[in-house]
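here are the coordinates; sequence isn't available:
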């Protein structure tokens, strides 16, 4: 608690959540919000930009 951790990785821009509808277009540059889920745990929102 009270600590943070950073990671940098390449996102292949694939949607992975069950129920996400298939979109033929790849995500375009812009600002997005990421929320991750693992079983009952949900992360805080993370805002990021694709260039």
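Cool, the structure landed. Computed from a predicted structure; not experimentally measured.

Specify which residues of the protein, grouped into ranges, have pLDDT under the cut-off.
For the chain, the stretches flagged by pLDDT under 70 are 13-16, 22-23.

That one: strands as residue ranges?
30-34, 37-38, 41-42, 46-50 (DSSP state E).

any chance of these in JSON lines, plus mean neighbour count?
Quick note: C-beta positions are derived from backbone N, CA and C, even for glycine. JSON lines is the format used below for these (neighbours: other CB atoms under 10 Å):
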{"stretch": "strand 30-34", "mean neighbour count": "10"}
{"stretch": "strand 37-38", "mean neighbour count": "8"}
{"stretch": "strand 41-42", "mean neighbour count": "8"}
{"stretch": "strand 46-50", "mean neighbour count": "10"}
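
Same list (those) but as TSV, adding distance to residue 17.
Below are those laid out as TSV (distance: least, CB to CB, whole Å):
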stretch	distance to residue 17
strand 30-34	11
strand 37-38	8
strand 41-42	12
strand 46-50	15
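
what residues are up against the most centrally placed residue in the chain?
Nearest to the mean C-alpha position of the chain, by CA atoms, centre = their mean, lies residue 34 at 3.4 Å. Contacts for residue 34 (CB atoms under 8 Å, 6 or more residues apart in numbering) come out as 43, 45-48.

ok so, going back, of all the strands of the chain, which one is nearest residue 6?
strand 46-50 (10.7 Å; CB to CB).

now the angle between strand 30-34 and that closest one, please.
Angle of strand 46-50 versus strand 30-34, following axes from the mean of the first three to the mean of the last three CA atoms, to 10 degrees, is 150 degrees.

which other helices and strands contact strand 46-50?
Strand 46-50 makes packing contacts with strand 30-34 when contacts are defined by 3 or more CB pairs under 8 Å, 6 or more residues apart in numbering; DSSP states H and E.

List the strands paired with the strand it packs on, with their directions.
Applying DSSP bridges, strand 30-34 is found paired with strand 46-50 (antiparallel).

Show me the contact partners of the strand it pairs with.
Outside strand 46-50, the residues touching it (CB under 8 Å, 6+ apart) are 13, 27-35.

Ok, which of the strands of the chain comes nearest residue 8?
Short answer: strand 46-50, nearest of the strands of the chain by CB to CB, at 10.7 Å.
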